[in-house]
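[1] everything below, folded, please.
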Amino acid sequence: MNREQFLLDRKKGIGGSDVASILGVSPFRTALEVYHDKTSPELALDEPTEDMQRGVRVEKYILQEYAERSEVELNTNIPTIVDQEYQFMRANIDAKVIGQNVIVEAKSTKAPISSWEKGIPEYYKAQVAYYAMLTNADYVEVPVLFSGWKYACFTYWRDAEYEANIKEAVINFWNNHIVKNIPPKPTTTEELMIAYPKLEQKTIEADDDIREKVYLLQEAQEQRKELEKKEKELKNQIQGYMGDAGLLDAGFCKLALKEIKSTRFNANAFKEKYMELYQQYLNDSSYRKLQFIGG
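    Model prediction:
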């Protein structure tokens, strides 16, 4: 399948890469971005990024590595899987183990293998759980190629309650947003500024849910201040111990002390000397800052 056909098919329903966004656990896309992707009449044929191209190239290697290590054969020529009851629930899986009810989803990442020490991250887990549900597979194998060409394989074991929550979220998203053409609520700063371009001079009262979130925000900011203070203290203590050494071996990890040199533009001096030229290159911009102003 070429890229254009793949993107056209993706508009027909909810695929595995959309699920984490709908659940609000994706670091890559929001639910609103998925909505625009599905409802926009235009087909975004943007050139794939370098990371995307690299991921496609190494996928074959990862699947081959998995097959050899697991001593199995894989079927990688699998058409799009469509749920019989909900035609908008679709899956494009990487491979299926021949002779077993097991699907394989290959991943590659620049992150170190330690970033997966707690298992499959939530945004990938949502995808493979969705695939397991649609294929009714016994389980999903997730071979991963990490930075430094380190290989590891993780397994998603079926979780009926988790998959039921995914199914409910996908159905609600499709019926309440895609079908009704009603965008989901914005969740990022950029989306909020687009949704509410002008701030009104008015006051609204918080409900119990928002009041709890305000309390948690206060608590998080205080914890951040304490953690930043503690981080600075620990860094100074460690550097004091290192003295003039550039490397510290802590046994379980190593720390490098590097001298960073940088050249910065002195905007104030330039402004003072070349005021007219300085003003020619000024750009107006704005951002929003949520801050506490008292009780």
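[2] residues contacting Val34?
    14, 18, 21-22, 173 (CB atoms under 8 Å, 6 or more residues apart in numbering). Every C-beta, even on glycine, is put in place using the N, C-alpha and C of the backbone.
[3] in the helix or strand encompassing it, what counts as buried?
    Val34 is part of helix 31-39, with elements assigned from DSSP states H and E. Within helix 31-39, the residues that count as buried by 16 or more other CB atoms under 10 Å are 31-35, 38.
[4] angles on the backbone of the residue nearest to Thr188 when sequence neighbours are not counted, please.
    Nearest-residue entry for Thr188: Thr30, 5.9 Å, with adjacent residues in sequence omitted and distances by CB to CB, 6 or more residues apart in numbering. When read as degrees, to the nearest 10, the backbone of Thr30 gives phi -100, psi 170.
[5] chain center to whichever helix or strand Leu134 is part of, what's the gap?
    Using DSSP H and E, Leu134 maps to helix 122-135. In this view, helix 122-135 has its centroid 15 Å away from the chain centroid, taken as CA atoms, centre = their mean, to the nearest Å.
[6] do the same with stretch 106-116
    Per CA atoms, centre = their mean, the centroid offset for stretch 106-116 relative to its chain is 13 Å.
[7] got it, and stretch 280-295?
    Worked out by CA atoms, centre = their mean, stretch 280-295 lies 27 Å from the chain centre.
[8] stretch 166-182 now?
    21 Å.
[9] mind listing residues that contact it?
    Outside stretch 166-182, the residues touching it (CB under 8 Å, 6+ apart) are 13-14, 19, 22-23, 31, 34-35, 38-39, 86, 88-89, 126, 129-130, 133, 183-184.
[10] please apply the same query to stretch 147-162.
    62, 65-66, 69-70, 109-113, 116, 119-120, 125, 128-129, 132, 137-146.
[11] strands of this structure, start to end?
    Taking DSSP state E, the strands of the chain run over residues 74-75, 81-82, 90-91, 95-97, 102-104, 107-108, 139-146, 150-157, 247-249, 254-256.
[12] can you tell me which of these is most buried?
    strand 102-104 (a mean of 24; mean count of other CB atoms under 10 Å).
[13] which strands border that strand, and is each parallel or antiparallel?
    Strand pairing for strand 102-104, using DSSP bridges, gives strand 95-97 (antiparallel), strand 139-146 (parallel).
[14] can I get the ones you listed in JSON lines with distance to Lys235?
    Output for these, formatted as JSON lines (distance: least, CB to CB, whole Å):
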{"stretch": "strand 95-97", "distance to Lys235": "46"}
{"stretch": "strand 139-146", "distance to Lys235": "27"}
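[15] what's the closest of those strands to Lys273?
    Closest to Lys273 of those is strand 139-146 (CB to CB; 50.9 Å).
[16] show me the contacts for the closest residue to Leu255 other than its chain neighbours.
    Spatially, and ignoring its direct neighbours in sequence, Leu255 is nearest to Leu248 (4.3 Å; CB to CB, 6+ apart). Shown in contact with Leu248 (CB under 8 Å, 6+ apart): 238, 241-242, 254-257.
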